[in-house]
Each structure stands twice: as structure tokens, then as C-alpha cells.
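Undergrad: show me how the following folds:
(2 chains)
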Number of protein chains: 2
Amino acid sequence: MSNIFLGIDLGATNIKIGCFDSELKLLGKTSVAAYADMEPKVAVEQIGAAADKLRADNNLTGTTLTAVGIGSTGQFNLAEGFMISNPNLKLFQNVPLRKMLAERFARPVVLDNDGNAACYGEYVLGAGKGVDNMVFFTLGTGIGGGIILEGELVHGAKDNAAELGHIIIYPDGRRCGCGQRGCVEAYASASSTARRAAEAVKSGAQSSLKEVLDDKGRISCKDVFDHAKTGDTLAREITDGTAKALALVCVNMLHTTEPQRIIFAGGMIAAGPVLLNRIKHFFEEQIWTLKAETVEICFATLGEDAGLIGAAALARQAGN
Amino acid sequence: MSNIFLGIDLGATNIKIGCFDSELKLLGKTSVAAYADMEPKVAVEQIGAAADKLRADNNLTGTTLTAVGIGSTGQFNLAEGFMISNPNLKLFQNVPLRKMLAERFARPVVLDNDGNAACYGEYVLGAGKGVDNMVFFTLGTGIGGGIILEGELVHGAKDNAAELGHIIIYPDGRRCGCGQRGCVEAYASASSTARRAAEAVKSGAQSSLKEVLDDKGRISCKDVFDHAKTGDTLAREITDGTAKALALVCVNMLHTTEPQRIIFAGGMIAAGPVLLNRIKHFFEEQIWTLKAETVEICFATLGEDAGLIGAAALARQAGN
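TA: Have a look, this model is predicted:
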């Protein structure tokens, strides 16, 4: 009877559930909707029911569930297995989520935050394969992160390590949602990139993005990269601002935990070389000359399932 | 027969050697001179002879030497035990220092860089006692660092982790000796603090430091802090520049490895509260409002022997 693992990715609007074999091959996945006033008890019931159905639908009822992993948005006390708060799920306050899931599945449950789960997924099966020491950034509405050192996630004193979007790169610079000024997130997230472009167009900069703003009433991050590809000067400057901010955090992470590989993930990496090549360009421009650095800067490969895979990988690690 | 450990601190101009018991109590110490064209073989012979004499002089010939630890300036390949290069000792190029010392003492030898050794000393016996997760900065001519995670030093992919003086805090800012621009070292080291003050005075700023410059031909970092204490406006501004730069790296380290404690060491901490209180002030000003942080920011307690103690502590750890 083969062993299987469940990975759960608890996001703002839906909860993804995947069944994996011991090689972390995805055997089937499903999802249930999440909503702002969802009760924790209801969420656990729906996850349990969906997982049971998933196993039945994929002829996995004869397998042995070994462990369950869950990556989620929110703040945690990982030692105790509690979700302390969640900006998307307002009833998840001091919820013993690990215990609730462990009781539902009668199996060990590993809990971690979404950035760490996705980081671990890329480490085990994606762009981080083969290295023991990596740094991971997710570029979305915000910027999340993860750090792997000698094969282990870095959690910090109170489970808030690797909040890499809030590294300050421009002191007294743009205001970030976190209350700080000059965070890399305030420059280089998808929403910040789009916002900087819109501000420039509104203040009169010449750009093909002006038509986009006039037509759609807004500029997206994808618009910025698309127009950079077709040669628009402003779009290239905005892209460079994003790339330089990301390069600066690469320099700073190199001098901190000295990873072998720095991996960027999230919707923004669809931009491709127009972004990646500029990050590498600014990294070379900003890095010291004391010694030649060989850190690899690259994009993630697992796409949207990184968190699901990572959660299952954490379950597998705990089950062993 | 009691066990003893040797700690060695290989610096730019001298080599300190200490004998420690298993509680890391210093039983005796000595030193030999280091000089730019010192041959590695000669250095090892002199260290060996000085250590033998140290044991004899302190009635320790009946004890058992268990292991030897050495912290040193320079670049290393720690896995192989090589010193790759050393700006102060030009003949130390690709030297199998660990093997040479292990042969001389016929005991296991642990090698690490000086910043890590001092960090480990503070962790085991100094300001880091009682925490598992700390960040350490030495404020001298340059700024060095160390990171402890779950009780272990972070070495990075190629033994160059925790080069914390080269975290960029002001992109495109002051040129650092490393080739980068805007490193914290270029603002907040003792020499950079003194240099910023001298530049300001020379460009006409009103300050009681002008007399110092006229009298001595130079301004030291200590002068800056002394004049800040007596209320000189420029000296206070320069001190604030140093404190803010250090506070910014505290914020960034909190969002990276999330230490429980951040410890500053080195000659500069003799300044006392005039510096520490301002670092704490700027930390509170710059840190996010998402949650209350409880990280402790404090000064080291072991003084100049931190590296020696740390080297012995690394030896003890290896000997166990």
C-alpha cells in the first residue's frame, strides 16, 4: 500500500488541496472557496471533505495518508501550531489550526506560512533543486520571501524571518503598507511597479502607457513590462527601477546568508528576460569588486503550485 | 587531569593566544607579533612555542589539550581549512592553516574568521548568552558581522556570509573600500564616522570639532562622540548619521533572520548611551507598525577578548 501526502495552500480566496505520492508527484488536486468570514471549524471540515473526495475520485482510497502540510497567509506561532491572525480570514484569530487538522486527518500536520511553503517547494522540486542555500522572493501584490540554509527553512525567533519585502532599500523613501518607508515592496512589487508608472504618466511623462491609462483607467504591471519590450522609454525606466530594487536586495542577501541561488517567483516573472536580465545587470553594477561572485539569479519553475508542492514536501519531511 | 582549550586570535599586528578551561575561564594569555611578510610556517611555529610557554608559565603542563580554535582576518575555505588570502599577511595565500596547526598541536583545530569568532564568543559568554538567534556587528575601521541561528554560526555557500558591513543602505551613496556604493560601513564605521565629520568641518560647518581638526590635523570617531556628549550640533548630526545607518541594518536583519538580540561590538561602543540610545531611537522610527517588535539592541560585553574566547568556544564545541 503506497504512502501519500496532502499539501494544502490556504490563500485569500481559495484553498487548494493536492494529493502527492512519496516522490511528490501530484496525483490529483482540488479546491474549496475561502471567504472573509469563513469559520475555522468550517474551513477544516471543508478541507477534510474535499480531501476525502479527492482521494476517492483519484482511486487513492487504498493508499496510506502519511502526513499533511499546509502553507497559508497569516501570522503564526509555529511552535504551538497556531494561526494568530490572517488579514484575509478575519475569524482566524489564535486558532489551533495544526491541532484541528491533525484531529480531522488523524495524521501529523506541518504548518508554515505561504512564502516559506512556496520557497520549500522550489527548493525540493523547482529552481532550487541541487542547492542547500537559497533565497526566494515572491513578486506579487506584495513581496514575500523565504530563506533556506543547509536545507532548512529559516523561521527566526518568532516565525517572522524572511519578510524580505520589507527590507529597506531607500531610507525615507516611498511609504509601504507596513508602515515603513523605502521597503523593496514599495518599489518592486507588481502593484508598486504599476503605481510608479501611473504616477509618472499622470505627472506628464511621455509614454505609450498614457494610452493604456486613458483607455483602461489604470496601468498594470504587465502593461509596464509589455511596453518596455516594445521600447517605450518610460516603461523601461520603471522596469529598471523595479530591477534595481530587486538587485539591491540580492546584494544585501548575498552579504547576509550568502546563498548559492536567488530565485524570484510570482506573477511578475511572466515578464521574462526583460526583467531578469535587468536584475542581473544591476546586480553586477552594484556588487563589490573584492571577489568574483557566482550566485545564480533566476526565476522559479513551479508556477502557482509551488505552495501546494512545498506544503506536501514539508509533510513528507515531517513524516520521515 | 583537566581538559583545556586554546583560543587563537590572528589579527593584523599581533596573534593572541589564550588557554581556557572547560568552562571557558581564561587561565592565561600571551601574544606574538604578526607582520606583513610573516611566513605561515613561522607563524605556526611561533604560535606553538608561545602556547607551550603559556602552559608552562601557568602550571598547565599536567592538563590535556583537547582542541584548538583560531579566529582570523582573511578569506577562507573553511570546508578545506585553508586561508585563501589575508590583506594583512601577504604570504598567507592558499595556506592549509588548519592542517598545519593540527599537526603542530596533534589535536583537532577549528578555523573561522574573526567576525564569526567574536560573534560566537559573545554568544557563548557575553551579550548573546541565553538567546539562540542573534546578529552581531563589530564597529571598527570597518564593520564586520556574524549571525547565529539556532545556536550555530551562519557561514553561507562559500564562507562569506555575514559580511554585514557591506549591506547597502544608501544606493549610489558613499563609495566603500569594497567597491560598492552606500554600504553601511561607508557611513557608520569608526573611520567613516570620523571622515564624515572632517568633511563637514572642512566644508565650513560650525562645530567645536573645528578646533580639534586645527589642533591635531584630524578628527577621530571618539572626538565626534565626545563632542556630541557636550552638545555640539554637528557632532550630534554625525552621530545620528551613524546611528541611523546602524538602525537601518537592524531593521533589515530583523526582516531577514529575525534575531532575538542584535549586538554591537568594537572600539566604537565605548561611546556608550550617546550612540546606543540613538540607534534605538532610529530603529523605533524606521521599523514597521504591523506588529510590536521585541528585538533587543545592545552592546557587547567581552571587549577585546571576544575573538579569543570565541575561538576557544569553537574548539570546545568541536572537542565535544
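
Undergrad: can you pull the contacts of the residue lying closest to A:A102 once chain neighbours are set aside?
TA: Once flanking residues are discounted, A:A102 sits nearest to A:V109: 4.5 Å by CB to CB, 6 or more residues apart in numbering or on different chains. C-betas here are computed from N, CA, C, even on glycine. Contact analysis of A:V109 by CB atoms under 8 Å, 6 or more residues apart in numbering or on different chains lists A:67-70, A:81, A:98, A:101-102, A:315.

Undergrad: of those, closest to chain B?
TA: Chain B lies nearest to A:G81 out of the contacts of A:V109, by CB to the nearest CB, at 18.7 Å.

Undergrad: and the nearest residue to the closest one once chain neighbours are set aside, how many neighbours?
TA: Spatial nearest neighbour of A:G81, excluding adjacent residues (CB to CB, 6+ apart): A:R98 at 2.8 Å. By other CB atoms under 10 Å in any protein chain shown, the residues close to A:R98 number 21.

Undergrad: so A:R98 touches A:P108, yeah?
TA: No - if you go by CB atoms under 8 Å, A:R98 and A:P108 don't touch, sitting 9.1 Å apart.

Undergrad: find the closest residue to chain B in the stretch 201-320 of chain A.
TA: For the stretch 201-320 of chain A, CB to the nearest CB, closest residue to chain B: A:E258, 2.6 Å.

Undergrad: residues of the stretch 101-250 of chain A that sit close to chain B?
TA: A:131-133, A:147, A:149, A:154-164, A:166-171, A:176, A:178-181, A:244, A:248 (CB under 8 Å from any CB of the partner chain).

Undergrad: just those: which are in strands?
TA: If you go by DSSP state E, these have A:147, A:149 in strands.

Undergrad: which of the residues of the stretch 101-250 of chain A next to chain B are buried, as a PyMOL select command?
TA: Buried residues among these (16 or more other CB atoms under 10 Å in any protein chain shown), as a PyMOL selection:
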select buried, chain A and resi 131+133+147+149+154+155+156+157+158+159+160+161+162+163+164+166+167+168+169+170+171+176+178+180+181+244+248
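
Undergrad: list the ones among the residues of the stretch 101-250 of chain A next to chain B that fall in helices.
TA: Judged by DSSP state H, those include A:244, A:248 as members of helices.

Undergrad: so A:S2 versus A:L65, what's the distance?
TA: 11 Å (CB to CB, to the nearest Å).

Undergrad: can you list the domains in chain A?
TA: Following automatic domain parsing, one gets these domains for chain A: A:3-123+A:304-319, A:130-301.

Undergrad: next one: the first one to chain centre, how far?
TA: Read that as domain A:3-123+A:304-319. Distance of domain A:3-123+A:304-319 from the chain centroid (CA atoms, centre = their mean, to the nearest Å) equals 16 Å.

Undergrad: and what of the longest one?
TA: Using CA atoms, centre = their mean, the distance from the centre of domain A:130-301 to the centre of the chain it belongs to is 13 Å.

Undergrad: pLDDT weak spots in the stretch 151-300 of chain A?
TA: Nowhere does the stretch 151-300 of chain A drop to pLDDT under 70.

Undergrad: now the helices for it?
TA: A:185-188, A:190-202, A:209-216, A:221-229, A:233-254, A:273-286 (DSSP state H, counting those that start in this stretch).

Undergrad: deepest-packed of these, please.
TA: Of those, the one with the most neighbours on average (mean count of other CB atoms under 10 Å in any protein chain shown) is helix A:185-188, at a mean of 27.

Undergrad: what packs against it?
TA: Secondary-structure packing of helix A:185-188 (3 or more CB pairs under 8 Å, 6 or more residues apart in numbering or on different chains; DSSP states H and E): helix A:190-202, helix A:233-254.

Undergrad: want to throw those into CSV with distance to B:F92?
TA: Shown next, in CSV, are the helices and strands packed on helix A:185-188 (distance: least, CB to CB, whole Å):
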stretch, distance to B:F92
helix A:190-202, 47
helix A:233-254, 25
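
Undergrad: which parts of stretch A:126-142 are buried?
TA: Buried, per 16+ other CB under 10 Å, within stretch A:126-142: A:126-128, A:131, A:133-142.

Undergrad: and the residue of the stretch 101-250 of chain A nearest chain B?
TA: For the stretch 101-250 of chain A, CB to the nearest CB, closest residue to chain B: A:G156, 2.6 Å.

Undergrad: for that residue, which non-adjacent residue is closest in space?
TA: Per CB to CB, 6+ apart, closest to A:G156 is B:E258, 2.6 Å.

Undergrad: surely A:S191 touches A:G165?
TA: No - with contact defined as CB under 8 Å, A:S191 does not reach A:G165; the gap is 11.5 Å.

Undergrad: re the thing from before, now, which of the contacts of A:V109 lie within strands?
TA: Going by DSSP E, the strands hold A:67-70 from those.

Undergrad: residue contacts, the closest residue in space to A:L290 that isn't next to it in sequence?
TA: Spatially, and ignoring its direct neighbours in sequence, A:L290 is nearest to B:C178 (5.0 Å; CB to CB, 6+ apart). Contacts for B:C178 (CB under 8 Å, 6+ apart) come out as A:288-290, B:166, B:185.

Undergrad: export those residues to CSV and tack on distance to A:K229?
TA: CSV is the format used below for the contacts of B:C178 (distance: CB to CB, whole Å):
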residue, distance to A:K229
A:W288, 31
A:T289, 32
A:L290, 35
B:H166, 34
B:E185, 38
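
Undergrad: out of those, flag the one nearest to B:I279.
TA: B:E185 (15.6 Å; CB to CB).

Undergrad: look up how far A:G241 lies from the closest one.
TA: 25 Å.

Undergrad: now A:G62
TA: 55 Å.
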